[in-house]
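**Student:** The sequence isn't on hand, but the structure is:
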């Protein structure tokens, strides 16, 4: 796109799952001429970090029957899978690489079937800065300026942050791997090397599987503050999603008193509901899944202090129950633990030291103990996952936007402050209505916003909002694309 060409109506920055789903919904819903540009630094669209893996041992963490690109047709992906894999069952956890291929194909179909006059292009480029001016947005890329009427940030997750401890030169050495998803990140790990994975969630699990697939046979230590592994999905897959009655969950959403909702009350609610589910022959998995559709309003009813309390004290326990392993993956992890090759630690890292021979000495503070321990390894892999907005260590565009006051971090520092369907708030707390976001960058305000079942709903709502306002703007004077937030709120 050259700067002198007519403006694009919508510029989507990021071509992973979030950006691709938004593009699909825009293409399917547009009934008037529309110009859409998707900017993605990699050549492949629809994959992002989550679905760019080529390793078929990396499985989806949601059954195939729930992964469709459309909220009103969740089995769309299942039918697509059955075209090439007829035996795919509704409850199967299929390799993630298929999902990236699926999104790419659905996008191509949406382009082919779009209304005449709807124009879509992909530009392979990074966006390093963005400015609003005179009812337009200018995006600066390595290939020049792009002008659009609206822009949507679909950047996905920021890379993990380095631990804020003394690293002894580790972070600039080949013994440290900041992201296991970087191309060739684990290539330098020897077959018998001892490896420390910092983090014990699903990223750690994927990294263990990657090491196994490349022939690693050494010891792997995995460490987090609580030392908790993700639980496993029920082996029956989709059948585990038959939810019990959620009367107690719905009761919690009613403003029955003037007292604000407390995280402790939500925990008590869950325990009560688990007891009911067990009496009905179900288990806690059904309760967690029943809570999923109401997690966002529940989260938004928690005062800010209670959200912080949840993050400090309950998040680790929520994550291992909510973000579960596929049964086959859990089986492999348990085999590695039983053999002694995968060892879990509940501890904090106090520091690293790197010697001339390439050995890494790790100082640990085990949970519940006063004395420190030391661990000798050859490699350290950061599996902590994204740590908040990542203004200082993440995407340069986010750093540019927040430093310029064009965007505002949310109160928890997990993402960006937004209003309505995802309109960004600036430093004054105003939604100018030209900049939007969806997906992980809304986590601080929605919490449940990182998985396809939630992102596809956001993508449809944002697409409808943009099309409604842009469509009116084509026939009458331009209107703001989002109402100002009342009192600068979020």
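**Tutor:** Great, that's in hand. Computed from a predicted model, the values in this text were never measured in an experiment.
**Student:** ok now do residue 168, which residues does it touch?
**Tutor:** 351, 352, 353, 354, 361 (CB atoms under 8 Å, 6 or more residues apart in numbering). (C-beta placed from N, C-alpha, C; glycine too.)
**Student:** Which one of those is nearest to residue 105?
**Tutor:** Using CB to CB, residue 352 comes nearest to residue 105 of the contacts of residue 168, at 44.2 Å.
**Student:** Dihedrals phi and psi, the closest one?
**Tutor:** Note on residue 352: backbone dihedrals following degrees, to the nearest 10 are phi -120, psi 150.
**Student:** Once you drop chain neighbours, what's closest to it?
**Tutor:** residue 170 (4.3 Å; CB to CB, 6 or more residues apart in numbering).
**Student:** next one: residue 373
**Tutor:** Nearest residue to residue 373 in three dimensions, chain neighbours excluded: residue 364, at 4.7 Å (CB to CB, 6+ apart).
**Student:** same check, this time on residue 100
**Tutor:** residue 51 (3.3 Å).
**Student:** how much space between the one you found and residue 66?
**Tutor:** Distance, residue 51 to residue 66, by CB to CB, to the nearest Å: 16 Å.
**Student:** returning to that earlier point: settle this for me: the residue nearest to residue 100 is touching residue 94, isn't it.
**Tutor:** No: using CB atoms under 8 Å, residue 51 is not in contact with residue 94, being 11.4 Å away.
**Student:** Output the below-cut-off pLDDT ranges for the chain.
**Tutor:** Applying pLDDT under 70 to the chain flags the ranges 1-5, 236-259, 387-394, 472-490.
**Student:** need the contact list for the residue nearest to residue 100.
**Tutor:** 16, 17, 96, 97, 99, 100, 103.
**Student:** do that again at 10 Å, thanks
**Tutor:** Residues near residue 51 by CB atoms under 10 Å, 6 or more residues apart in numbering: 16-17, 20, 44, 58, 60, 95-104, 452.
**Student:** next one: residue 333
**Tutor:** So residue 333 contacts 204, 205, 208, 209, 222, 229, 230, 232, 325, 342 (CB under 10 Å, 6+ apart).
**Student:** And what about it, helix, strand or coil?
**Tutor:** helix (DSSP: H, G, I helix; E, B strand; the rest coil).
**Student:** And the one 4 residues further on, by the same measure?
**Tutor:** Following three-state DSSP, the label given to residue 337 is helix.
**Student:** correct me, but it touches residue 227?
**Tutor:** No: in this structure, residue 337 is not within contact of residue 227 by CB atoms under 10 Å, at 12.0 Å.
**Student:** Show me the common contact partners of the two, please.
**Tutor:** Residues touching both residue 337 and residue 227 by CB under 10 Å, 6+ apart: residue 344.
**Student:** Which strands and helices lie in contact with the longest helix along the chain?
**Tutor:** Longest helix in the chain by number of residues (criterion: DSSP state H): helix 452-475. Applying 3 or more CB pairs under 10 Å, 6 or more residues apart in numbering; DSSP states H and E, one finds that helix 452-475 contacts strand 8-13, helix 17-29, strand 34-40, strand 144-153, helix 295-301, strand 431-437.
**Student:** if we can go back for a sec, ok, the residue nearest to residue 352 touching residue 378?
**Tutor:** No: judged on CB under 10 Å, residue 170 makes no contact with residue 378 at a distance of 11.5 Å.
**Student:** just to revisit the earlier point, select from the contacts of residue 168 every entry located in strands.
**Tutor:** Among those, the members found in strands (DSSP state E) are 351, 352, 353, 354, 361.
**Student:** what's the distance between residue 67 and residue 103?
**Tutor:** 10 Å.
**Student:** same deal with residue 49?
**Tutor:** Residue 49 is 13 Å from residue 103, by CB to CB.
**Student:** next one: residue 315
**Tutor:** With CB to CB as the criterion, residue 315 and residue 103 are 29 Å apart.
**Student:** of the two, who's got more company?
**Tutor:** residue 103 (26 against 14; other CB atoms under 10 Å).
**Student:** element containing the more buried one, please.
**Tutor:** Taking DSSP states H and E as the definition, one finds residue 103 inside helix 97-112.
**Student:** In that helix, which residues are buried?
**Tutor:** Residues 97, 98, 99, 100, 101, 102, 103, 104, 106, 107, 110, 111 are the ones in helix 97-112 that count as buried (16 or more other CB atoms under 10 Å).
**Student:** Looks like the fifth one contacts residue 53 (just checking).
**Tutor:** No: here residue 101 lies out of contact with residue 53, judged by CB under 10 Å, at a distance of 11.7 Å.
**Student:** Identify the contacts common to the two.
**Tutor:** With contacts taken as CB under 10 Å, 6+ apart, the residues that reach both residue 101 and residue 53 are 47, 95.
**Student:** Find the residues that touch each one of residue 51 and residue 94.
**Tutor:** Common contact partners of residue 51 and residue 94 (CB under 10 Å, 6+ apart): 60, 102.
**Student:** nearest spatial neighbour of residue 441, skipping sequence neighbours?
**Tutor:** The shortest distance from residue 441 to any non-neighbouring residue, by CB to CB, 6+ apart, is to residue 415 (4.2 Å).
**Student:** What of residue 457?
**Tutor:** residue 71 (5.0 Å).
**Student:** any idea which helix or strand comes after the helix holding residue 103?
**Tutor:** Sequence-wise, the next helix or strand downstream of helix 97-112 (DSSP H and E) is strand 118-124.
**Student:** how about whatever helix or strand comes next after that following strand: buried residues?
**Tutor:** Next helix or strand after strand 118-124 toward the C-terminus (DSSP H and E): strand 127-133. Under the neighbour-count criterion of 16+ other CB under 10 Å, strand 127-133 has 127, 129, 130, 132 buried.
**Student:** can you put the residues you listed in a markdown table and add distance to residue 461?
**Tutor:** Below are the buried residues of strand 127-133 laid out as a markdown table (distance: CB to CB, whole Å):
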| residue | distance to residue 461 |
| --- | --- |
| 127 | 23 |
| 129 | 28 |
| 130 | 22 |
| 132 | 22 |
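**Student:** List just the nearest of those to residue 385.
**Tutor:** residue 127 (23.6 Å).
**Student:** which residues does that closest one bridge with?
**Tutor:** Residue 127 has the following beta-bridge partners by DSSP bridges: residue 141.
**Student:** related to what we said a few turns ago, overlap in contacts of residue 67 and residue 103?
**Tutor:** With CB under 10 Å, 6+ apart, residue 67 and residue 103 have common neighbours 77, 452.
**Student:** list the contacts for the residue nearest to residue 352?
**Tutor:** Per CB under 10 Å, 6+ apart, neighbours of residue 170: 162, 163, 176, 351, 352, 353, 354, 360, 361, 362, 379, 380.
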